[in-house]
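Novice: What would the 3D arrangement of this be:
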Amino acid sequence: MAARPLPELREPPVSTRYSELGTPPERWPWWAPAGWLLVAVSTVLLYAVFLVLSPLLLAYVLGRRLWVWRLRYHRLPEDLRIAVVGAGWSGLQCLQRFRELGVTQVDVFERYDDIGGTWNRNLRYHGLQIHGSMTVTSFAGFPYSDDPDVQGGKVMAEEVERYIRRYTEAHALRDRCQLATRVDGVSYRSADRTATLALTDLRTGSTRTSGPYDLVVWASMAAHGNVPRLPGSDSFRGRQLHTTQYSDEVFDDVVRDGRRVVVVGGGKAACDVVLGLRRAGHERYTWVMRKPYLFYRFEVLLHDASPLNRLRGLTYLATVLWTGVSQRLGALLHWSSGHLWTFGPSHADFSHFHGGVMCATQRRDLAGVPYVVGEPTRLSEDALVLRDGTELEADVVIWATGNKSGIDTLRLDRDGQPYVLDPETKLFNHFIVPELPVLASSTALWTTFGPMRATNAADLAVYSLCVRGERSTSQMQRSARRQLSSNSLTHSFLWAKDACWLQQWVLFHIDLLRQGITPLESFLKHALEVFVLSKETPLHFDLLPRTRSRATTRSAPPAAPHTKGSGA
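Specialist: Numbers count the residues shown, from 1 in each chain. All right, here's what the predicted structure looks like:
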């Protein structure tokens, strides 16, 4: 694709206010009025359907509230023993929410030597900037800033790390985190439904076990980079990196020595890498992808809550719900409403849309950047070779090709026998592994944005262990198979290939509504907050009884987790 003159660039500040995110560089197309009319008609139609169905919806809301009113604890939260894997913002939010619910016996395990997860120096790549506003990426009850202009803006990864540290210190969470500790395996004992963890101390190499735990919550989202193993990798004389390995030191080496770089991928991470190279004046790079990704326009999705933008937010809420009905209609409404942007020709392939957000400055700086469309198939000694035979010379290949949570790397056993889980296993309530009900994934429970969603993992854990009656494996499997969303153990709908993440997100919430997990009124309130009012508070499941008395005496006696060492 031919390049055109590119604008002068500058490094973004550590924190960028909403008012400093730039002026949208795009102009409305000539057909925009017709698109607005389509959006208006579809919005009125959807809300009319809601109005007609309102008596039934109200009956559902009242019926669920009556059901919740009758719930009682059969076990008290303080009797629980919980392990959380991952000390990123989700793991820390989960830990704090467990504390608020009265669960005091919680251990957090982190394989790196510090907290922070994706935002820590161990995993963050050079130029990583949070793509949404801090409004939708703050901890529950602990906003990044009290200044709406700052809270509505975005920050660099190192500033997110500092924010995570402030939260950790404010709530005294660090003492519960066992750092440089890798969770290697989970042993499930079906007789009492408990788990024992196999751990490795990465500083000493010693191994030990810890437990028993009533539940192990996997809260890691980006444990490993997804790098394809191409033919010719062994003979390639250059260096291959995933973005999680693209540190400031690697970036400095690339720029200082003028290395030839090939960036593979069309998503948000690839955009960050390319912008970083351009801002440094490094021109010896080639950007290759299968197809340009679609992105949200920041100021349209995460707007300033002006009256006009609130009205637009109401139309977008309708657009989201229509996307759940039809991917094609959803794509048409997204483009018509002005929510979408891409750096290439406009398209409606939602398999290349994973919820990435680009502000006006990023869109301006990426406009006109040359890229190559192709499929990498092999490596030669000094080049990445595409399916059509094109050779892209490279000293460094940077794979911006997504991440894996790492849950599939666990060594599992059930009652002493090795156990292998199908990676496509559907989770009960999109949270609990039916075959190993002591293992749950906070990563898969993608109810909302930022760390706040981890509050739902803690709530659902306490509900499952202390309120809801015990479910058999077959019961959980049947319920999981009936779920509409393709969300599974290792393939979150957010990153799923050949699927529309937004459609899957709508189906995911329909699943939770049908299962009685999410109250309809809470979902609608939360959606109105995010899309219309430009603020976020936790999505409340409202599953836990108001009183702490037990309905029965079936609780297990409290027992502190223990560890057993075996030197390596």
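Novice: where exactly do the helices run in the stretch 401-550 of the chain?
Specialist: 454-462, 473-481, 501-514, 520-528 (DSSP state H, counting those that start in this stretch).
Novice: neighbouring contacts of the last one?
Specialist: Counting by Cβ atoms under 8 Å, 6 or more residues apart in numbering, helix 520-528 makes contact with 57, 60-61, 64, 313, 317, 320, 448, 509, 513, 536-537, 539-542, all of which sit outside it. (C-beta placed from N, C-alpha, C; glycine too.)
Novice: Out of these, the closest to residue 143 would be?
Specialist: residue 536 (9.5 Å; Cβ to Cβ).
Novice: Return the set of buried residues in stretch 274-291.
Specialist: For stretch 274-291, a neighbour-count test (16 or more other Cβ atoms under 10 Å) marks 274-278, 280, 282, 285-289 as buried.
Novice: Of those, which belong to helices?
Specialist: 274-278 (DSSP state H).
Novice: The helix ranked longest in the chain: what's the following helix or strand?
Specialist: Longest helix in the chain, counting residues (DSSP H): helix 32-69. Going down the chain from helix 32-69, the next helix or strand is strand 81-85, by DSSP states H and E.
Novice: send the alpha carbons of stretch 233-249 over as CSV?
Specialist: Coordinates of the C-alpha atoms in stretch 233-249 are reproduced here as CSV (Å, rounded to 0.1, in the frame of the first residue of the first chain):
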residue,chain,number,x,y,z
SER,A,233,12.6,-20.8,12.7
ASP,A,234,15.7,-22.7,13.6
SER,A,235,17.7,-21.2,10.6
PHE,A,236,16.4,-17.6,11.0
ARG,A,237,19.5,-15.5,12.0
GLY,A,238,17.4,-12.7,13.5
ARG,A,239,15.4,-12.6,16.6
GLN,A,240,11.7,-13.4,17.2
LEU,A,241,9.8,-11.7,20.0
HIS,A,242,6.3,-11.5,21.3
THR,A,243,5.2,-8.1,22.4
THR,A,244,5.4,-9.2,26.0
GLN,A,245,9.1,-9.5,25.4
TYR,A,246,9.5,-6.2,23.6
SER,A,247,10.9,-4.3,26.6
ASP,A,248,12.3,-0.8,26.7
GLU,A,249,15.8,-2.3,26.4
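Novice: sec struct for residue 263, please.
Specialist: strand (DSSP: H, G, I helix; E, B strand; the rest coil).
Novice: Identify the bridge partners of it.
Specialist: residue 287, residue 398 (DSSP bridges).
Novice: Please apply the same query to residue 199.
Specialist: Bridge pairing for residue 199 (DSSP bridges) gives the partners residue 183, residue 208.
Novice: looking at it, it is touching residue 208, isn't it?
Specialist: Yes - using Cβ atoms under 8 Å, residue 199 makes contact with residue 208 at a distance of 5.3 Å.
Novice: neighbour-wise, which of those two wins?
Specialist: residue 199 (25 against 16; other Cβ atoms under 10 Å).
Novice: now the more buried one: how far from residue 193?
Specialist: To residue 193, residue 199 is 21 Å away according to Cβ to Cβ, to the nearest Å.
Novice: ok, back up a step: out of the helices of the stretch 401-550 of the chain, which is closest to residue 422?
Specialist: helix 473-481 (11.2 Å).
Novice: What angle do helix 501-514 and the closest one make with each other?
Specialist: 130 degrees (axes from the mean of the first three to the mean of the last three Cα atoms, to 10 degrees).
Novice: so how far is helix 473-481 from its chain's centroid?
Specialist: Centroid separation for helix 473-481 versus its chain: 25 Å, with Cα atoms, centre = their mean, to the nearest Å.
Novice: ditto for stretch 382-399
Specialist: Distance of stretch 382-399 from the chain centroid (Cα atoms, centre = their mean) equals 30 Å.
Novice: Could I have the CA atoms of that stretch written out in PDB?
Specialist: Taking Å, rounded to 0.1, in the frame of the first residue of the first chain, the C-alpha atoms of stretch 382-399 are listed here in PDB:
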ATOM      1  CA  ASP A 382      17.000 -13.200   7.000                       C
ATOM      2  CA  ALA A 383      13.300 -12.700   6.200                       C
ATOM      3  CA  LEU A 384       9.700 -13.500   7.000                       C
ATOM      4  CA  VAL A 385       8.100 -15.100   4.000                       C
ATOM      5  CA  LEU A 386       4.400 -14.700   3.200                       C
ATOM      6  CA  ARG A 387       2.100 -17.100   1.500                       C
ATOM      7  CA  ASP A 388       2.400 -15.300  -1.900                       C
ATOM      8  CA  GLY A 389       6.200 -15.600  -1.800                       C
ATOM      9  CA  THR A 390       6.900 -12.000  -0.600                       C
ATOM     10  CA  GLU A 391      10.000 -11.900   1.500                       C
ATOM     11  CA  LEU A 392      10.100  -9.200   4.300                       C
ATOM     12  CA  GLU A 393      13.700  -8.700   5.400                       C
ATOM     13  CA  ALA A 394      14.100  -8.700   9.100                       C
ATOM     14  CA  ASP A 395      16.600  -8.600  11.900                       C
ATOM     15  CA  VAL A 396      13.700  -8.700  14.400                       C
ATOM     16  CA  VAL A 397      10.200 -10.100  14.000                       C
ATOM     17  CA  ILE A 398       7.800  -8.800  16.600                       C
ATOM     18  CA  TRP A 399       4.600 -10.900  17.000                       C
END
